[in-house]
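**Q** what's the 3D shape of this:
(2 chains)
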Amino acid sequence: GQQVMQIPQYQHVQEGEDFTTYCNSSTTLSNIQWYKQRPGGHPVFLIQLVKSGEVKKQKRLTFQFGEAKKNSSLHITATQTTDVGTYFCAGLASGGYQKVTFGTGTKLQVIP
Amino acid sequence: GAVVSQHPSWVICKSGTSVKIECRSLDFQATTMFWYRQFPKQSLMLMATSNEGSKATYEQGVEKDKFLINHASLTLSTLTVTSAHPEDSSFYICSARVRTGSSYNSPLHFGNGTRLTVT
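**A** Residues are numbered from 1 along each chain as shown, chains lettered A, B, ... in the order given. Model (predicted):
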């Protein structure tokens, strides 16, 4: 079945440093979504990418969807303590099937 | 908008009893609801896809007779953990999609989750 892996699994950064998490799917995706889960909370939708090579920005966050629609990345510039949490990518398989598969997640810790 | 309410937030039950978890979309109609299970420090594992008015689609390895799903309306899905055992202790989260023309591209809206502890 479809597998979605993320690296790194954990990342500790000093406040102000940049952070990137990478997402790789075993199969071609129709779209990719990114979610953030704070400790003790539930996942919250951040953004969705649909087009091959698409790049979207949300303030300090930059999201990319690979040309082959099998990988994606999330880059945070100048991290803040409010960025702490686990970031998940979630891919919708190509072919119209409605199931979304979540990535393994990257836990970000920001040291003040 | 797009609020999903999940109840209860936490429950402690004795081994052998059944527990029902409710997932409601408060301000939208949900064509599809998804039930996930999350172990500590791990990702969300999809258990089943619940479609209004039809049988749920279970993922491989998930026992449908143990995890009963009912999606009686466009705003309510329930997950019943039957004859619970300590190994069923986990964090269960539901999510729903807003019903749109191209609903597969809609983001998922999550409930707050239910922490189940079976003693």
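
**Q** Skip the chain neighbours and tell me the closest residue to the spatially most central residue of chain B.
**A** Nearest to the mean C-alpha position of chain B, counting by CA atoms, centre = their mean, stands residue B:35 at 3.3 Å. Once flanking residues are discounted, residue B:35 sits nearest to residue B:47: 4.6 Å by CB to CB, 6 or more residues apart in numbering or on different chains. (Glycine included, C-beta is placed from N, CA and C.)

**Q** That neighbour: helix or strand, and which one exactly?
**A** Following DSSP states H and E, one finds residue B:47 within strand B:44-51.

**Q** neighbouring contacts of the helix or strand just after that strand?
**A** Per DSSP H and E, the first helix or strand lying C-terminal to strand B:44-51 is strand B:57-58. Strand B:57-58 is contacted from outside by B:47, B:48, B:49, B:51, B:64, B:67, using CB atoms under 8 Å, 6 or more residues apart in numbering or on different chains.

**Q** Please report the number of neighbouring residues for the second one.
**A** Other residues near residue B:48 number 22, with proximity taken as other CB atoms under 10 Å in any protein chain shown.

**Q** helix or strand for the residue nearest to the centre of chain B, which one?
**A** Going by DSSP H and E, residue B:35 is in strand B:30-38.

**Q** So what are the sheet partners of that strand and their directions?
**A** strand B:44-51 (antiparallel), strand B:90-98 (antiparallel) (DSSP bridges).
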